[in-house]
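# Sequence and predicted model, in that order:
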Amino acid sequence: NAGVTQTPKFQVLKTGQSMTLQCAQDMNHEYMSWYRQDPGMGLRLIHYSVGAGITDQGEVPNGYNVSRSTTEDFPLRLLSAAPSQTSVYFCASSPPGAGNEKLFFGSGTQLSVL
Amino acid sequence: DQQVKQNSPSLSVQEGRISILNCDYTNSMFDYFLWYKKYPAEGPTFLISISSIKDKNEDGRFTVFLNKSAKHLSLHIVPSQPGDSAVYFCAASGDNAGNMLTFGGGTRLMVKP
């Protein structure tokens, strides 16, 4: 059972480039979310989805797009990367109504924007 | 403005002693509090939680205390072990639905043998 899988693990972009961070889970979880972790700031919620076809904004959504066409996948798109988006990105998932303890995180994608 | 704050970025403790990690929050609507543990190159993993109707929750070596009037919670680890060395995040939520967790900035705990 792979859990929550994020790819790539590391990425370097130039300002203005676009890219997609991939997230897949094989636990049939309805809820998926994206967080970014910055030094001293903890993890901040970017976007989340409560099921296929449904997405919503979190605390820091600007500069990011998401879609949820399947239960398994929840990609995060950076349309035009900026140095302020240099961060570590975590994807998480949980079953519906499971409670906060059941939030499973991927191992993260470290992104640097030059 | 951060609604959940961990004012100590790092903490060093001797093996076998008690580790106390602190967390303060400002939003009185928070009803559910959690601690996550994170090792390098891994995602955070759930450690222990407490709801606002309690003031203490214990799980083995880990105990979380909640002081609602002071908007303060703490995590006690007794006895501390070298394997406890990690970054600990405090998190809060208005419910227990797994959505919209607000995290603190984290405290790096180092347990020395």
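Perfect, I can see it now. Computed from a predicted model, the values in this text were never measured in an experiment.

# in chain B, which spans are strands?
Counting by DSSP state E, chain B has these strands, from start to end: B:4-5, B:10-14, B:19-25, B:32-38, B:45-51, B:56-59, B:62-67, B:72-77, B:86-93, B:102-103, B:107-112.

# Any idea which of these gets closest to chain A?
Closest approach to chain A among the strands of chain B is made by strand B:102-103 (3.5 Å; Cβ to the nearest Cβ). No exception for glycine: its C-beta is placed from N, CA and C like everyone else's.

# Each with direction, which strands does the closest one pair with?
With DSSP bridges as the criterion, the sheet partners recorded for strand B:102-103 are strand B:86-93 (antiparallel).

# Could I get the average pLDDT for the strand it pairs with?
The average pLDDT within strand B:86-93 is 94.

# Okay, buried residues for it please.
For strand B:86-93, the neighbour count (16 or more other Cβ atoms under 10 Å in any protein chain shown) marks B:86-93 as buried.

# Spell out which two among these are the most distant pair, please.
Maximum pairwise distance in the buried residues of strand B:86-93, criterion Cβ to Cβ, is 21.6 Å, between B:Ala86 and B:Ser93.

# And the strands of chain B: which comes nearest A:Val12?
For the strands of chain B, proximity to A:Val12 was assessed by Cβ to Cβ; strand B:32-38 is nearest, at 22.9 Å.

# roughly how far is that closest one from the heart of the chain?
In this view, strand B:32-38 has its centroid 5 Å away from the chain centroid, taken as Cα atoms, centre = their mean, to the nearest Å.

# Report whether it contacts chain A.
Yes: for strand B:32-38 and chain A, the contact criterion (Cβ under 8 Å from any Cβ of the partner chain) is met by B:32, B:34.

# That strand to strand B:72-77, inter-axis angle?
Between strand B:32-38 and strand B:72-77, the angle comes out at 40 degrees (axes from the mean of the first three to the mean of the last three Cα atoms, to 10 degrees).

# quick one: strands adjacent to strand B:32-38?
Applying DSSP bridges to the sheet, strand B:32-38 is found paired with strand B:45-51 (antiparallel), strand B:86-93 (antiparallel).

# With distance to A:Pro61 as added columns, please give the ones you listed in JSON lines.
Compiled in JSON lines, these are given as follows (distance: least, Cβ to Cβ, whole Å):
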{"stretch": "strand B:45-51", "distance to A:Pro61": "25"}
{"stretch": "strand B:86-93", "distance to A:Pro61": "18"}
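
# and A:Val66, which of the ones you listed is closest to it?
Closest to A:Val66 of the strands paired with strand B:32-38, according to Cβ to Cβ: strand B:86-93, at 20.7 Å.
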